[in-house]
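Undergrad: return a 3D structure for these sequence lines:
(one chain, ligands or ions: 1)
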Amino acid sequence: PEASSEADKKRWMLNDFDIGKPLGRGKFGHVYLAREKRSNHIVALKVLFKSQLKQSQVEHQLRREVEIQSHLRHPNILRLYGYFYDQKRVYLILEYAAKGELYKELQKCKYFSERRAATYVASLARALIYCHGKHVIHRDIKPENLLVGAQGELKIADFGWSVHTFNRRRTMCGTLDYLPPEMVESVEHDASVDIWSLGILCFEFLYGMPPFEAKEHSDTYRRIVQVDLKFPAKPIVSSAAKDLISQMLVKDSSQRLPLKKVLEHPWIVQNADPSGVYKG
Ligand SMILES: CC(C)NC(=O)[C@H]1CCC[C@H]1Nc1nc(Nc2ccc(C(=O)N(C)C3CCN(C)CC3)cc2)ncc1C(F)(F)F
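TA: Predicted structure coming up:
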C-alpha cells in the first residue's frame, strides 16, 4: 500500500483515552496525562486550540512538527504517536516523559556537575546525529525543549522549529540566546546550527546561564555575532569542557566541531556515562 504518514495511520479520537492530571501548559494549550483505553498505554495528550493556532499562523509549523516527529525513532527523541482533532482543538498523542522538564531541574540545582552535563551533551549529540542523518535540523535546542524520561534519559521534544533541510526556511525562532550568528544575521543556515545550540546548552548546563545573555536584545545580538565568549570564574569548570565549548561556538559554521567529533572529545569520553543516563 502507498506509504501513509505514520501520524495518521490510525483514526484516533478523544474517547480512546482516559484523561488524567494536567502536566502543565504548553505554548498553545494544556498537556494532560492520559491512558489509551485498549492498550492501557500512558501518554501525554497535548491539546492545542485551533483559534490560537490560526491567529498565530503556526498551522503549517504544526503540520511540519507532526510530520517530522512522527517519523523519528530514537531513545533521546520524544515520540509523537499520532494526532486527531475536533471542531475547536488539535490533539497530539505524545510520549510521556515521567521525570518532567529539564529546565526546572536546572533551575533547582543552578548548574550541573561535569559528569551530568557531559552525559546529557553526549545523548543529545547522538540524537542530533540521527536527525541530521534524516536531513532534519531541530533549530531550537534549549533547556525548555528537553524532557526527562523515567530512567533519567533526556528527550528532545517540540520539533516546532525543525525543518527538512531540502526546504530550508529563514524564519526567525524563539529566544535569541540559542541562535547562531548565521540565523541571527538570517543568512543561509544548515545542520551546523544545532552544533552551535548544543555548545550553548553545554555552557548553560555548566554555568547555569547561556554565554551571551544580556539585558537588552541588541546586546545579546552583538555578543552572538562577535562570539563574545567569556567563561565565568565560578563555578570551577575543567579546561577540557571549555575547550569543547570553544570548538562548537565558532562563527564560521563549517569550522564547528562535527557532532561525531564531539562524542570523541576527551571531556565527553572522560565524563559522559556510556549508558547515556546520568546515575548521580
Ligand atoms: C517540550 C515542551 C516544550 N514542553 C512541554 O510540552 C511541557 C508543557 C507541559 C508539560 C510538558 N510536556 C510534557 N511533559 C511530560 N512529562 C511531565 C511534565 C511535567 C511533570 C511535572 O513536573 N509535574 C507534573 C509537576 C508535578 C509537581 N507539581 C507541583 C508541578 C508539576 C512531569 C512529567 N511528558 C510529555 C510532555 C509532552 F511534551 F509530550 F507534552
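Undergrad: can you tell me the closest non-neighbouring residue to whichever residue of the stretch 101-250 of the chain sits closest to the ligand?
TA: Of all residues in the stretch 101-250 of the chain, the one sitting closest to the ligand is A157 (3.4 Å; Cβ to the nearest ligand atom). (Glycine included, C-beta is placed from N, CA and C.) Closest residue to A157 apart from its sequence neighbours, by Cβ to Cβ, 6 or more residues apart in numbering: L78 at 4.0 Å.
Undergrad: and the one you found, how many residues sit next to it?
TA: For L78, the neighbour count with other Cβ atoms under 10 Å is 22.
Undergrad: and if you look at H135?
TA: H135 - counted by other Cβ under 10 Å - has 11 other residues nearby.
Undergrad: quick one: the longest helix along the chain near the ligand?
TA: The longest helix of the chain (DSSP state H) is helix 114-133. No. Shown here: helix 114-133 not in contact with the ligand (Cβ under 6 Å from any ligand atom), separated by at least 13.7 Å.
Undergrad: just checking, what packs against that helix?
TA: If contacts are counted by 3 or more Cβ pairs under 8 Å, 6 or more residues apart in numbering; DSSP states H and E, helix 114-133 sits against strand 154-156, helix 192-207, helix 239-248, helix 259-264, helix 266-271.
Undergrad: okay, those in CSV with mean pLDDT next?
TA: Formatted as CSV, those follow (pLDDT from 0 to 100):
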stretch, mean pLDDT
strand 154-156, 96
helix 192-207, 97
helix 239-248, 98
helix 259-264, 98
helix 266-271, 98
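Undergrad: kindly report the residues of the stretch 151-280 of the chain close to the ligand.
TA: Going by Cβ under 6 Å from any ligand atom, the residues of the stretch 151-280 of the chain near the ligand are 157-158.
Undergrad: surely the residue nearest to A157 is in contact with K155?
TA: Yes. Between L78 and K155 there is a contact at 4.3 Å, judged by Cβ atoms under 8 Å.
Undergrad: common neighbours of those two, please.
TA: Shared contacts of L78 and K155 (Cβ atoms under 8 Å, 6 or more residues apart in numbering): 95, 97, 147.
Undergrad: strands - which of those residues land there?
TA: 95, 147 (DSSP state E).
Undergrad: near the ligand too, which of the shared contacts of L78 and K155?
TA: On the criterion Cβ under 6 Å from any ligand atom, 97, 147 are the entries of the shared contacts of L78 and K155 that sit beside the ligand.
Undergrad: name the nearest of the shared contacts of L78 and K155 relative to E105.
TA: Looking at those and their distance to E105, the nearest is L147, at 10.3 Å (Cβ to Cβ).
Undergrad: and the nearest residue to the closest one once chain neighbours are set aside, how far is that from M209?
TA: Nearest non-adjacent residue to L147, counting by Cβ to Cβ, 6+ apart: A97, 3.5 Å away. From A97 across to M209, the span is 24 Å (Cβ to Cβ, to the nearest Å).
Undergrad: before we move on, what about K99?
TA: The gap separating K99 from M209 is 23 Å, by Cβ to Cβ.
Undergrad: just the strands in the stretch 1-150 of the chain please.
TA: 17-26, 29-36, 41-49, 80-85, 89-95, 136-137, 146-148 (DSSP state E, counting those that start in this stretch).
Undergrad: grab the nearest non-local neighbour of G26.
TA: That would be K46: by Cβ to Cβ, 6+ apart, it lies 5.7 Å from G26.
Undergrad: mind listing the residues bridging to that neighbour?
TA: For K46, the beta-bridge partners are V31, L92 (DSSP bridges).
Undergrad: return the residues in contact with it.
TA: Taking Cβ under 8 Å, 6+ apart, one finds 26, 29-31, 91-92, 94 in contact with K46.
Undergrad: give me every residue in the stretch 1-150 of the chain lying close to the ligand.
TA: 23-26, 31, 44, 46, 78, 94, 96-97, 100-101, 144-145, 147.
Undergrad: where are the low-confidence patches of the stretch 51-200 of the chain?
TA: 161-174, 186-188 (pLDDT under 70).
Undergrad: about what we covered before: how much space separates the residue nearest to L147 from L62?
TA: A97 sits 20 Å away from L62, going by Cβ to Cβ.
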